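Trainee: model the following, please.
(one chain, ligands or ions: 1)
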Amino acid sequence: MRLRFAPSPTGHLHVGNARTALFNWLMARQSGGTLLLRIEDTDAERSTPESERAIQEDLRWMGLSWDEGVEVGGTHGPYRQSERLEIYRAHAAQLLESRHAYRCFCAASTLEADRKAALAAGRPPKYAGRCRDIAPEAAARRVEAGEPAVIRLRVPVGREVTFVDLVRGPVTFHTEVIGDPVLVRSDGSPAYNFAVVVDDGLMGITAVVRGEDHISNTPRQILLYEAFGWTPPRFAHLSLVMGPDHTPLSKRHGVTSVAEFKAKGYLPEALVNYLALIGWSPGGDDELLPLEALAARFDIAAVSHSAGVFDEDKLAWVNRHYLKAAAPARLVDLSLPFLEAAGYVPEPPGAEARAWLEMAVPQAAASVDRLAQVPERLRLVFDFDAARTCADAVLAQELAEPAARAVTMALAEALADAPRLSDREQFRAIAARVKERSGQKGRALFHPIRVALTGAAEGPELDLLVPAIDRAAELPEGSGLARVMGCRERATELARLLGQSASTGHPGPRAQS
Ligand code: GLU
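Mentor: Prediction:
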């Protein structure tokens, strides 16, 4: 089986197209076939090399490699349509010669008038066929004389074109509704339907898997295969990916490109796994499977023909699964851009900072939907300000309670002569001393400790957070990590401010306002 993914490099890779690429990849893998990547860049105005590069980068990021095509090469190239113009010219000449195609000289205004007249008469607005019967010699003379012309396919009259779609079953179009399509524009550039058939034909493609938006092109393409005397490939048209309102997923719905999902901190294995689940199920009781396992179970006939809705909550659920499974060093690498942007890793981390990150980032990643949320989970490590805690009306009031005050003071005292709390045992030992000195236990003990050490009423488990704070505080200047205030300094500073406010008789510097 030979399959291809044929993106137009006119923008980012949309998740709908990424799903098309994925289903092609799965089918190629499943069948032991070949997948090729062809770039459809005949629209010179809209195609850019940046977009082509970005599409390739996104495909590689998702783990979708191709066996033949741009970058990797192969025996059926070139794989960029802009490099195949000579091939299209020769094939157009062949169709003119065999009279399957003809030159059309109709002006845009004539075509428009015909279209309006057809609509007014209740007929399908298709090309009226004015130039079908111009003798080839006469047409050639007009072209010679410089008259602009397009080349059209001569669609047979009164025929049905049927194909068995691998997803949708038999599909039939009557040629009645198919106007003679333009194959070559007046500037000599090939139209999509023409280039795609020449390429798929010459590249030996045996199955075309693409978006449903192309289904009405398929009968035109089949007629072109007939004109060339080639056997058409099999076709599979995938339903489009919809937004929550059941209209095609677009910018209006927010994030739509692979690059944007990457930038939000979704893992590639999560995105591809999720995309595979839109309109298809691997069966069995586990749908969270790596690419190779999905490929082993893939069956294009089991893909649903009804539209699939893109559900970011489900994507987040899949991502959480893969975040928990990911290796610490990889999580750190992938989180670094987000941590840098937050100011938490201002310089490239050295070995000690990396060791800290490999401890803290997986802990943080275990409780987020995506990596962009990791800095927020580490905020309590990097961002502490005792004065701000005291200025917070709710926190200050909590700390002003006698029992809480006793805990805070005992904590500051206990920490004053304690080593750094570099693991949970050391933290628990301190908590036990504070319990003893303050006489508080349970929430009455741990809540004030949390507020005193983190400046927040809630957050990650103290058992994890406290050692993370103190181990970061140990790191020397220039480690790569932003400076972190240790637990001892936090508790001391807070106790000092509380002591001051006790002597001035109000709970905190700004609590009165
Ligand atoms: N370049 C076309 C697109 O991106 C390819 C369609 C096809 O697969 O035939 O829509």
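
Trainee: residues contacting the residue lying closest to residue 170 once chain neighbours are set aside?
Mentor: Distance criterion C-beta to C-beta, 6 or more residues apart in numbering; nearest residue to residue 170, sequence neighbours excluded, is residue 164 at 5.2 Å. No exception for glycine: its C-beta is placed from N, CA and C like everyone else's. Contact analysis of residue 164 by C-beta atoms under 8 Å, 6 or more residues apart in numbering lists 170, 171, 234.

Trainee: was I right about the second one contacting residue 216?
Mentor: Spelled out, it's residue 171. No: taking contacts as C-beta atoms under 8 Å, residue 171 lies outside contact range of residue 216: 9.9 Å.

Trainee: of those two, which one has the most company?
Mentor: residue 171 (16 against 13; other C-beta atoms under 10 Å).

Trainee: what bridges to the more buried one?
Mentor: Bridge pairing for residue 171 (DSSP bridges) gives the partners residue 163.

Trainee: show the pLDDT at it.
Mentor: Per-residue pLDDT puts residue 171 at 98.

Trainee: residues contacting it?
Mentor: 162, 163, 164, 165, 215, 218.

Trainee: quick one: find the helix or strand in this structure with the lowest mean pLDDT.
Mentor: Using mean pLDDT, DSSP states H and E, helix 487-504 stands out as the lowest-scoring helix or strand of the chain, at a mean of 87.

Trainee: which residues are in contact with that helix?
Mentor: 384, 386-387, 389-390, 396, 399-400, 405, 408-409, 411-412, 415-416, 418, 420-421, 452-453, 455, 466, 469-470, 473, 485, 507-509.

Trainee: now with 6 Å?
Mentor: The contact list for helix 487-504, computed with C-beta atoms under 6 Å, 6 or more residues apart in numbering, reads 384, 386, 390, 408-409, 411-412, 415, 421, 452-453, 469-470, 507-508.

Trainee: lowest-confidence entry in those?
Mentor: Scoring the contacts of helix 487-504 by pLDDT puts residue 508 last, at 44.

Trainee: residue 451 and the ligand: what is the separation?
Mentor: In this view, residue 451 and the ligand are 56 Å apart by C-beta to the nearest ligand atom, to the nearest Å.

Trainee: give me the phi and psi for the closest residue to the ligand within the stretch 51-200 of the chain.
Mentor: Closest residue of the stretch 51-200 of the chain to the ligand, C-beta to the nearest ligand atom: residue 196 (4.8 Å). The phi/psi pair for residue 196 (degrees, to the nearest 10) reads phi -70, psi -40.

Trainee: any low-confidence regions in the chain?
Mentor: By pLDDT under 70, the weakly predicted segments of the chain are 502-513.

Trainee: around the ligand, pick out the residues from it.
Mentor: Applying C-beta under 6 Å from any ligand atom, we find that the chain lies next to the ligand at 6, 7, 8, 40, 196, 210, 214.

Trainee: buried ones among the residues you listed?
Mentor: By neighbour count, with 16 or more other C-beta atoms under 10 Å, the residues of the chain next to the ligand hold 6, 7, 8, 40, 196, 210, 214 as buried.

Trainee: could I get these as a markdown table with secondary structure and distance to residue 328?
Mentor: Formatted as a markdown table, these follow (DSSP: H, G, I helix; E, B strand; the rest coil; distance: C-beta to C-beta, whole Å):
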| residue | secondary structure | distance to residue 328 |
| --- | --- | --- |
| 6 | coil | 39 |
| 7 | coil | 35 |
| 8 | coil | 40 |
| 40 | coil | 41 |
| 196 | helix | 46 |
| 210 | strand | 40 |
| 214 | helix | 44 |
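
Trainee: export these to a markdown table and append columns for distance to residue 317.
Mentor: Below are these laid out as a markdown table (distance: C-beta to C-beta, whole Å):
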| residue | distance to residue 317 |
| --- | --- |
| 6 | 32 |
| 7 | 28 |
| 8 | 32 |
| 40 | 35 |
| 196 | 37 |
| 210 | 29 |
| 214 | 31 |
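
Trainee: what is the nearest of those to residue 137?
Mentor: Among those, residue 196 lies closest to residue 137 (C-beta to C-beta), at 30.5 Å.

Trainee: count the residues that sit near the closest residue to residue 78 other than its chain neighbours.
Mentor: Using C-beta to C-beta, 6+ apart and skipping the chain neighbours, the partner closest in space to residue 78 is residue 84 (5.8 Å). Residues contacting residue 84 under the criterion other C-beta under 10 Å number 20.

Trainee: can you tell me the helix or strand for residue 20?
Mentor: helix 15-31 (DSSP states H and E).

Trainee: how much space between residue 371 and residue 319?
Mentor: Note on residue 371: its distance to residue 319, by C-beta to C-beta, to the nearest Å, is 9 Å.

Trainee: please apply the same query to residue 79.
Mentor: In terms of C-beta to C-beta, residue 79 sits 33 Å off from residue 319.

Trainee: who has more neighbours out of those two?
Mentor: Ranked by neighbour count (other C-beta under 10 Å), residue 79 and residue 319 place residue 319 first, with 26 against 23.

Trainee: so the more buried one is in contact with residue 266, correct?
Mentor: Yes: judged on C-beta atoms under 6 Å, residue 319 makes contact with residue 266 at a distance of 5.1 Å.

Trainee: overlap of the contact sets of these two?
Mentor: In contact with both residue 319 and residue 266: residue 370, using C-beta under 6 Å, 6+ apart.

Trainee: show me where the stretch 1-150 of the chain has strands.
Mentor: Using DSSP state E, counting those that start in this stretch, the strands of the stretch 1-150 of the chain run over 2-5, 34-37, 68-69, 101-104, 150-153.

Trainee: and the contacts of the second one?
Mentor: Okay, so that is strand 34-37. 2, 3, 4, 5, 24, 25, 28, 66, 67, 68, 69, 70.

Trainee: and the first one, how far is that from residue 202?
Mentor: Applying C-beta to C-beta, the value for residue 2 to residue 202 is 11 Å.

Trainee: so the two - more neighbours on which side?
Mentor: Taking other C-beta under 10 Å, residue 2 and residue 202 do not tie; residue 2 has more neighbours (19 against 14).

Trainee: buried ones only from the contacts of strand 34-37, please, as a PyMOL command.
Mentor: Typed into PyMOL, the line below selects the buried ones among those, using 16+ other C-beta under 10 Å:
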select buried, resi 2+3+4+5+24+25+28+66+68+69+70
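
Trainee: nearest to residue 137, of the contacts of strand 34-37?
Mentor: Closest approach to residue 137 among those (C-beta to C-beta): residue 4, at 38.4 Å.

Trainee: wait, doesn't the closest one sit right on residue 205?
Mentor: Yes: contact criterion C-beta under 6 Å: residue 4 and residue 205 qualify, at 5.3 Å.

Trainee: tell me how far the residue nearest the centre of the chain lies from residue 278.
Mentor: Centroid-nearest residue in the chain, with C-alpha atoms, centre = their mean: residue 258, separated by 2.4 Å. Distance, residue 258 to residue 278, using C-beta to C-beta: 14 Å.

Trainee: what do you get for residue 11?
Mentor: Distance from residue 11 to residue 278, by C-beta to C-beta: 21 Å.

Trainee: for the two, work out which one has more neighbours and name it.
Mentor: Each of residue 11 and residue 278 has its neighbours counted (other C-beta under 10 Å); residue 278 has more, 24 against 16.

Trainee: many thanks, we can stop here.
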